[in-house]
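> Sequence and predicted model, in that order:
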Amino acid sequence: MLSQPPMADHHMHIFSPEAERILEIFCRKLGTTKCPPTISIKASTGQRAVDALDQAGIERGVILSTAYFYGSPEVGRLGVNVAAGMRRENEYVVGEARSHCGRLVAFVSLDPLSPNALDEIAYWSRKGGATGLKLHLENSDFNFRSPRQVRKLAAIFLAAKHARFPIIIHLQTRSLDYGAKDAEIFLKEVLPFSSGVPVQIAHAGGEGGISSHTLSALGAFADAVTTDPAATANLYFDLAMIPGSALGTGNLPPPPDQLADLEKLMRKIGINHFLLGSDWTFPSDLTSYYTQAKAELDLKAEEWDLLASNHAPYLLSGTEVNGTCKDPTGGAGQ
């Protein structure tokens with residue numbers, strides 16, 4: 001168990017057996033560039049996630065559905081039913097989280113460019129059990145330089161706002177020059193449509209690890225927080241896989257200058273806007289992850305203390321945002 005565990009892990013994943021099958025095909029087609037062999041895609045359960053949290057002494061976990069994979073161009077070419085696949089995976093993740101009421105919360109996911117995207121939000125808004133919405137723009141082959149696609153993303157944000165769904169978004173795209181320009185388009189043309197609900201930027205604006213792309217995008221956010229703090233008050237940044245070597249992906253530790261730049265941007269934005277997360281999949285070890293992440297980030301002791309105590313506003317004590325659970329320990333299997 002960690003000597004000072006974070007209050008919550010804000011970025012975890014479980015997969016249904018069907019998702020494992022699809023992801024295996026997906027990774028074989030892409031090769032290991034996009035699917036590192038050291039990151040597990042094994043089918044897992046809410047109990048596995050709770051076990052991992054318990055071993056590290058972490059109170060709560062945010063489980064993010066990977067239903068968005070069904071909307072990727074690569075999976076689309078497999079001939080699967082995108083809408084049905086998304087629905088089944090979202091139902092699996094929500095069901096697993098609800099069986100551990102209070103320990104886990106579930107974010108359903110979708111491809112914002114898929115024809116069923118708005119229908120999926122409406123369905124979960126009516127059904128309940130989902131805490132929020134997860135988007136993965138790189139998986140969706142989203143392009144911020146396309147006004148049509150930006151309008152679609154803005155419509156998704158507006159629908160999430162009406163459903164009162166917080167949003168967690170993997171913002172980095174496949175554009176080779178992804179960075180500040182994309183973050184600026186997001187800030188100007190998408191984020192205003194979600195006013196009033198928390199928006200969590202996954203991987204601090206990148207895709208895991210620290211790169212020039214991550215620092216460029218995060219720099220744009222830092223400038224926005226400085227110039228218009230009211231418009232960015234509900235923005236949060238998770239540090240899942242920051243630095244990227246922490247879950248054994250094979251990435252080398254980031255150069256000291258990149259770590260220093262990250263720390264400067266975190267302080268400019270405010271440590272209170274950053275959340276700890278791991279990108280956990282079974283059977284990764286959270287104690288090892290956070291021990292290594294703490295050492296590599298090399299923040300001041302008081303900064304790490306604040307970071308470990310931070311929790312997103314959607315983690316309401318003893319409740320689910322759109323669910324019915326009231327007992328924060330019920331069904332946790334302890």
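Great, that's in hand. Numbering: from 1, shown residues only.
> Please count neighbours and contacts with C-alpha atoms only from this point.
OK.
> which is the next helix or strand following the host helix or strand of residue 149?
In the assignment (DSSP states H and E), residue 149 maps to helix 147-162. Once the chain leaves helix 147-162, the next helix or strand it forms, by DSSP H and E, is strand 167-170.
> And that following strand, what does it pack against?
When contacts are defined as 3 or more CA pairs under 8 Å, 6 or more residues apart in numbering; DSSP states H and E, strand 167-170 packs onto strand 132-136, strand 199-201.
> what's the most buried one of those strands?
Neighbour counts (mean count of other CA atoms under 10 Å) averaged over each of those peak at strand 132-136, with a mean of 26.
> quick check: angle from that strand to helix 147-162?
Interaxial angle of strand 132-136 relative to helix 147-162 (axes from the mean of the first three to the mean of the last three CA atoms, to 10 degrees): 160 degrees.
> Would you check how far apart residue 69 and residue 21 are?
Counting by CA to CA, to the nearest Å, the gap from residue 69 to residue 21 is 12 Å.
> which of those two has more neighbours?
residue 69 (25 against 14; other CA atoms under 10 Å).
> from what I can see the more buried one touches residue 139, true?
Yes - between residue 69 and residue 139 there is a contact at 6.6 Å, judged by CA atoms under 8 Å.
> In the stretch 151-300 of the chain, where is pLDDT below threshold?
Across the stretch 151-300 of the chain, the ranges flagged by pLDDT under 70 are 244-253.
> out of the helices and strands packed on strand 167-170, nearest to residue 8?
Of all those, strand 199-201 sits nearest to residue 8, with 14.2 Å by CA to CA.
> for the closest one, packing partners?
strand 167-170, strand 235-238.
> So what are the sheet partners of it and their directions?
Using DSSP bridges, strand 199-201 pairs in its sheet with strand 167-170 (parallel), strand 235-238 (parallel).
> what about those strands, which gets the closest to residue 4?
Nearest to residue 4 among the strands paired with strand 199-201 is strand 235-238; the distance by CA to CA comes to 18.2 Å.
> Pull the residues that contact the closest one.
Strand 235-238 has contacts (CA atoms under 8 Å, 6 or more residues apart in numbering) with 10-11, 198-205, 273-277, 312.
> so residue 312 touches residue 275, yeah?
Yes - using CA under 8 Å as the test, residue 312 is close enough to residue 275 to be in contact (7.2 Å).
> tell me, what's touching the two both at once?
With CA under 8 Å, 6+ apart, residue 312 and residue 275 have common neighbours 10, 236.
> And the strands in this protein?
8-12, 60-64, 104-109, 132-136, 167-170, 199-201, 235-238, 274-275 (DSSP state E).
> Can you tell me which of those is packed in deepest?
Mean neighbour counts for the strands of the chain (mean count of other CA under 10 Å) peak at strand 104-109, with a mean of 29.
> Show me what that one is packed against.
With 3+ CA pairs under 8 Å, 6+ apart as the test, strand 104-109 has strand 60-64, helix 82-98, strand 132-136 packed against it.
> Just send these back as JSON lines, with distance to residue 44 and mean pLDDT too.
Formatted as JSON lines, the helices and strands packed on strand 104-109 follow (distance: least, CA to CA, whole Å; pLDDT from 0 to 100):
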{"stretch": "strand 60-64", "distance to residue 44": "11", "mean pLDDT": "98"}
{"stretch": "helix 82-98", "distance to residue 44": "10", "mean pLDDT": "96"}
{"stretch": "strand 132-136", "distance to residue 44": "19", "mean pLDDT": "98"}
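> can I get these in TSV with distance to residue 306?
Putting the helices and strands packed on strand 104-109 into TSV (distance: least, CA to CA, whole Å) gives the following:
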stretch	distance to residue 306
strand 60-64	17
helix 82-98	27
strand 132-136	24
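> quick one: which of these is nearest residue 283?
strand 60-64 (14.6 Å).
> between that closest one and strand 132-136, how big is the angle?
50 degrees.
> Would you mind pulling up the elements that strand 60-64 packs against?
Against strand 60-64 (3+ CA pairs under 8 Å, 6+ apart) you get strand 8-12, helix 46-56, helix 82-98, strand 104-109.
> who touches the longest one?
Just to be clear, that refers to helix 82-98. Around helix 82-98, the neighbours that count as contacts under CA under 8 Å, 6+ apart are 14-16, 19, 45-47, 63-68, 70-71, 76, 103-110, 116, 120, 129-130, 325.
> Ok, the last one next?
Contacts with strand 104-109, where a contact means CA under 8 Å, 6+ apart, come from 46, 50, 60-68, 86, 90, 93-94, 97-98, 129-135, 315, 320.
> could you redo the last one with a cut-off of 6 Å?
Strand 104-109 is contacted from outside by 60-65, 67-68, 90, 94, 97, 130-135, using CA atoms under 6 Å, 6 or more residues apart in numbering.
> quick check, distance from that strand to the centre of its chain.
When C-alpha coordinates are averaged (CA atoms, centre = their mean, to the nearest Å), strand 104-109 and its chain have centres 10 Å apart.
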